[in-house]
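Participant: Predicted model follows, preceded by the sequence.
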Number of protein chains: 2
Amino acid sequence: MARRARASRKRQGTGTAVPASPQIQRQAPFYDLLDEEQAVRLEQQVDWILQDVGIAFRDDPEALALWKREGARVDGDIVRAPADWIRALCAKAPSEFTQLARNRDRSVVIGGRNQVFAPIYGAPFVRDLKGGRRYGDLKSFEDLVRLTYLHPNLHHGGFVTCEPCDVPVSKRHLDMLLAHLTLSDKPHLGAITEMSRAQDSVDMAEIVFGADVMAENCVIMGNVNTNSPLLVDRVVTEAARVYSSRGQGMIVVPFILSGAMGPVSTAASVAQAMAEAMMVCAYVQLIRPGAPFVLGNFLSSMSLKSGAPTFGMPEPVISNYAIGQLARRVGLPLRCGGSLTASKIEDAQAAYESADTMHSTMLAGANFVLHSAGWLEGGLCTGFEKLIMDADRLGSYQKVLDLGLDTSDEALARDAYEEVGPGGHFLGCGHTMRHYQSAFYEPALSHSENVESWEDEGAKDMRTRAYERWTQMLKDYEAPPIDVALREELEAFVAKRKESLPDAWY
Amino acid sequence: MARRARASRKRQGTGTAVPASPQIQRQAPFYDLLDEEQAVRLEQQVDWILQDVGIAFRDDPEALALWKREGARVDGDIVRAPADWIRALCAKAPSEFTQLARNRDRSVVIGGRNQVFAPIYGAPFVRDLKGGRRYGDLKSFEDLVRLTYLHPNLHHGGFVTCEPCDVPVSKRHLDMLLAHLTLSDKPHLGAITEMSRAQDSVDMAEIVFGADVMAENCVIMGNVNTNSPLLVDRVVTEAARVYSSRGQGMIVVPFILSGAMGPVSTAASVAQAMAEAMMVCAYVQLIRPGAPFVLGNFLSSMSLKSGAPTFGMPEPVISNYAIGQLARRVGLPLRCGGSLTASKIEDAQAAYESADTMHSTMLAGANFVLHSAGWLEGGLCTGFEKLIMDADRLGSYQKVLDLGLDTSDEALARDAYEEVGPGGHFLGCGHTMRHYQSAFYEPALSHSENVESWEDEGAKDMRTRAYERWTQMLKDYEAPPIDVALREELEAFVAKRKESLPDAWY
């Protein structure tokens, strides 16, 4: 209680400290778009893909050998298996699990009625109002980790908030891991691009959490894409062997641009994504039954003009709702959605597209939402202003989901009506005095005053206000406490690993 | 078919012609936020307000006399009545009705699973990128009517798309009615501010539709606010007497800023709004059983900093979902939501707030959505760019709602998988060729190409693109056909009425 009260005071002071809750625990119901018949038809399609079409496991004889040994039908590199068996394997994965954070108060529960928001992942570029668009670098990366740590509506640090392109590819995962572990104390993801980098991620987690804690808990997760359509390459299976064999989490995400990596149909793309992710989940459960797994989905529509992916459109909104239902039916935690947009800057297009995607992400019940803040240009660019604008709006979803509608006696406020008659005013009444301070969520970046005061303050648009806010947040930033010996051990690990690695830029 | 095909070609050419569907007929399910117990608790609160608290009918002895005659308990101007009786009266209103348009192809069905989008109503100011912010005038008003006519995603013209402040208050309703009836052929609303203006609206509708058609059909509606809390003034009851006695539609909208016109509680504000609107619905049904009625709701949260209304926040999102459920339970068509924002310009704030409000408006099942495009500054200002930006996005909701997810055999695309193997590409396959042209909705104003082409085109934000589009739309505008004699009769009516009215500016 004392800690919570302190956190609350600090939050009021800077707008940037400890979140009141480590993740959303929703009371509000899910939105079920599909009727039973539609859901069954999609599941039958999933089963048909698993059994008859099959999924290729490429360039990884060890993965194929495991499938063969366990009794799957393997033709070349295509694996087919009875759907019942794949579903039974998926059922071994927990429907809900906790990822511990270095600061245990920030540990997150993933799955069930919980929703966890993490920032953008993987953009090679960054953009801010003053600096413009440029390649990401380690300084930007570290600032993005700091901002993610500071923002109460982001529960999880993600991992590659931008690519630190000034660090060799062979080494940058080490700098990123060190930054997440020292500049923040929120949970984060690990590297997956190569088996040794995944191993470094797990090894550094072991330094922080200890082997005993790690044996019993998920403390780190890897997020990988399948190679849609219907292809799982060795990046996925090797990451699974590193993370899952230690009981750590795997998030497996088919990225399907309908019409390219899947049929030009939302229903087919959703079923295909389910089949791909379930097949990898089954593989993970063969490696270690009970290993935490998050079923991912990333579906995009396409511009007819150019074939470019589009975001915030009705098709991905529909797919979010559909995959949410299917994931609940199969009992797996879900990653989908985000604050996605194809816009190049933080204009109205960016916000319309992000909000429609996130609203559906929210009601669909996505348990882990990567890209929930900061995404621009279809994910090619991390926007500093966008990160803060999106993160502010996440608080609105948190309120809708956490509570739904409070219909308690106190909320029905009969005493207020006894005090205020027809035509009267509720501002001064007892019920209002009791509740006005907590009645409404107001994002810090929204400007709701009249046009005269807005003009007096310089007629700043939201983007300008966001720039002022994140630069101020960084000025006020204080790193979370860390044991000196632990920090030194992490730094020594990174230094030693860097010494052993050549500089590689690809 | 020929007409539809022509419309489709024209739409491709200018992006501005006849909508494919006069309104949304949703297949997608509603989102029910409340469980049964919560819904019942809110309904009990509604009944308590109707029976025990009562609602004042002020400054209209005729309304009070009717209530008394019918057996309500009238104390001073406060009317209380058995909830069962009020509910029985509300049950006389149709749960679904058609408002005819001058062009019958544009008639709209209001209620049930239908959703109708209309633009902003009532703003004294307008703003556009080049002209800046200024008082509305008749030229702006007429241009807004033209744009609303041209945009395929707006099904209904609304009425006061901006206040034509250069026309005397006593006469401007006549110019507005004439504009809706001649510059557009979509359905529209009539005046309500004074009984004679309501009468002019009905009289001009009669010129267009004829008394016989009007006796059997809704051809015009009036949209009025109650004076929350719990107060119905004579603007409402007089408008009801003009519109409802002729079997025309009434939309009655409690505007509740929680903490001012209602308790600082979403649940209480929602129940209060239900009670106020139901009481007026009952009054309408006493005047003419079966008269079309739309239950309105406009609930806003408040800035703690200033008491200013805020929009796009979680509380109105929650209230949209709750009122949607309650309206369906009582069987009345619903008006709620819109593309609402407190932002002064078409920036990211405007879009975030508008999209979150509209997404909930959509899933809540609002049957008539006033303010679905063009709203800025909490409704004080109509934005020309905002109108087009919002209207474009409405097409996305139309697609989500109309169809939900198509899970037909053709959508499951098994032939595509037989043609394309693991790791392949669906772009050229037969299924893609059959469907790519209709697979995706792409709003004209979204820019989804890469940053290089965006910069080559001048790095225009959405607001700039919207300016270019609406100015081009106005250049391309052609008025819908109208019989010359009819036009002359309408113009003669307006001229004659204007002659008989003094210029009044308040």
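Facilitator: Happy to help now that I have it. Numbering: from 1, shown residues only, chains lettered A, B, ... in the order given.
Participant: Next, residue A:177: secondary structure please.
Facilitator: helix (DSSP: H, G, I helix; E, B strand; the rest coil).
Participant: Closest to the centroid, which residue in chain A?
Facilitator: residue A:370 (2.0 Å; CA atoms, centre = their mean).
Participant: so it makes contact with residue A:121?
Facilitator: Yes - with contact defined as CB atoms under 8 Å, residue A:370 counts as touching residue A:121 (5.2 Å). Using the backbone N, CA and C atoms, a C-beta is placed for each residue, glycine as well.
Participant: So for those two, which residues contact both of them?
Facilitator: Contact criterion CB atoms under 8 Å, 6 or more residues apart in numbering or on different chains; residues shared by residue A:370 and residue A:121: A:158, A:223.
Participant: Residues of the stretch 151-300 of chain A that sit close to chain B?
Facilitator: A:227, A:229-231, A:258-268, A:270-271 (CB under 8 Å from any CB of the partner chain).
Participant: Give me the distance from the top strand by length along chain A to the chain's centre.
Facilitator: When chain A is parsed with DSSP state E, its longest strand is strand A:249-257. Remark: strand A:249-257 is offset 12 Å from the chain centroid, using CA atoms, centre = their mean, to the nearest Å.
Participant: what is the rounded mean pLDDT of the top helix by length along chain A?
Facilitator: Across chain A, the longest stretch assigned as helix under DSSP state H is helix A:266-287. For helix A:266-287, the mean per-residue pLDDT is 98.
Participant: Show me chain A divided up by domain.
Facilitator: Domain segmentation of chain A under automatic domain parsing yields A:2-20+A:414-476, A:90-403.
Participant: Pick the most buried one from those.
Facilitator: domain A:90-403 (a mean of 24; mean count of other CB atoms under 10 Å in any protein chain shown).
Participant: Please name every helix or strand in contact with the longest strand of chain A.
Facilitator: strand A:221-226, helix A:234-245, helix A:266-287, strand A:293-296, strand A:298-302 (3 or more CB pairs under 8 Å, 6 or more residues apart in numbering or on different chains; DSSP states H and E).
Participant: so how far is residue A:165 from residue A:506?
Facilitator: Applying CB to CB, to the nearest Å, the value for residue A:506 to residue A:165 is 12 Å.
Participant: And the pLDDT at the closest residue to residue A:425 other than its chain neighbours?
Facilitator: Excluding the flanking residues, the one nearest residue A:425 by CB to CB, 6 or more residues apart in numbering or on different chains is residue B:260, at 6.2 Å. We have a pLDDT of 94 for residue B:260.
Participant: got the phi/psi numbers for residue B:260?
Facilitator: The phi and psi values for residue B:260, taken as degrees, to the nearest 10, are phi -120, psi -70.
Participant: Could you pull up the residues touching it?
Facilitator: A:425-427, B:302, B:307 are the contacts of residue B:260 under CB under 8 Å, 6+ apart.
Participant: For those residues, give me a markdown table that also has secondary structure and pLDDT.
Facilitator: Putting the contacts of residue B:260 into a markdown table (DSSP: H, G, I helix; E, B strand; the rest coil; pLDDT from 0 to 100) gives the following:
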| residue | secondary structure | pLDDT |
| --- | --- | --- |
| A:425 | coil | 94 |
| A:426 | coil | 95 |
| A:427 | coil | 91 |
| B:302 | strand | 90 |
| B:307 | coil | 87 |
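Participant: Next, format the residues you listed as TSV and append distance to residue B:321.
Facilitator: Below are the contacts of residue B:260 laid out as TSV (distance: CB to CB, whole Å):
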residue	distance to residue B:321
A:425	27
A:426	23
A:427	26
B:302	20
B:307	25
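Participant: Among those residues, which one lies nearest to residue A:253?
Facilitator: Residue A:253 has its nearest neighbour among these in residue B:302, at 40.4 Å by CB to CB.
Participant: Residue A:445 sits in which helix or strand?
Facilitator: Using DSSP states H and E, residue A:445 sits within no helix or strand.
Participant: can you pull the contacts of it?
Facilitator: Contacts of residue A:445 by CB under 8 Å, 6+ apart are A:388-389, A:392, A:462, A:465-466, A:469, B:349.
Participant: okay but residue A:274 is in contact with residue A:48, surely?
Facilitator: No - judged on CB under 8 Å, residue A:274 makes no contact with residue A:48 at a distance of 11.5 Å.
Participant: now chain A, which segments are flagged as low pLDDT?
Facilitator: A:1-22 (pLDDT under 70).
Participant: picking that back up, any idea how far the residue nearest to residue A:425 lies from residue B:308?
Facilitator: For residue B:260 relative to residue B:308 (CB to CB), the value is 11 Å.
Participant: Now do the shared contacts for the two.
Facilitator: residue B:302.
Participant: returning to that earlier point: need the helices and strands packed on strand A:249-257 in JSON lines with distance to residue B:215, can you?
Facilitator: Formatted as JSON lines, those follow (distance: least, CB to CB, whole Å):
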{"stretch": "strand A:221-226", "distance to residue B:215": "64"}
{"stretch": "helix A:234-245", "distance to residue B:215": "70"}
{"stretch": "helix A:266-287", "distance to residue B:215": "46"}
{"stretch": "strand A:293-296", "distance to residue B:215": "59"}
{"stretch": "strand A:298-302", "distance to residue B:215": "48"}
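Participant: what's the residue nearest to residue A:60 when sequence neighbours are not counted in contact with, if anything?
Facilitator: Closest residue to residue A:60 apart from its sequence neighbours, by CB to CB, 6+ apart: residue A:234 at 3.9 Å. Taking CB under 8 Å, 6+ apart as the criterion, residue A:234 is in contact with A:58-60, A:63.
Participant: ok, is stretch A:357-364 in contact with chain B or not?
Facilitator: Yes - shown here: stretch A:357-364 in contact with chain B (CB under 8 Å from any CB) through A:359-360, A:363.
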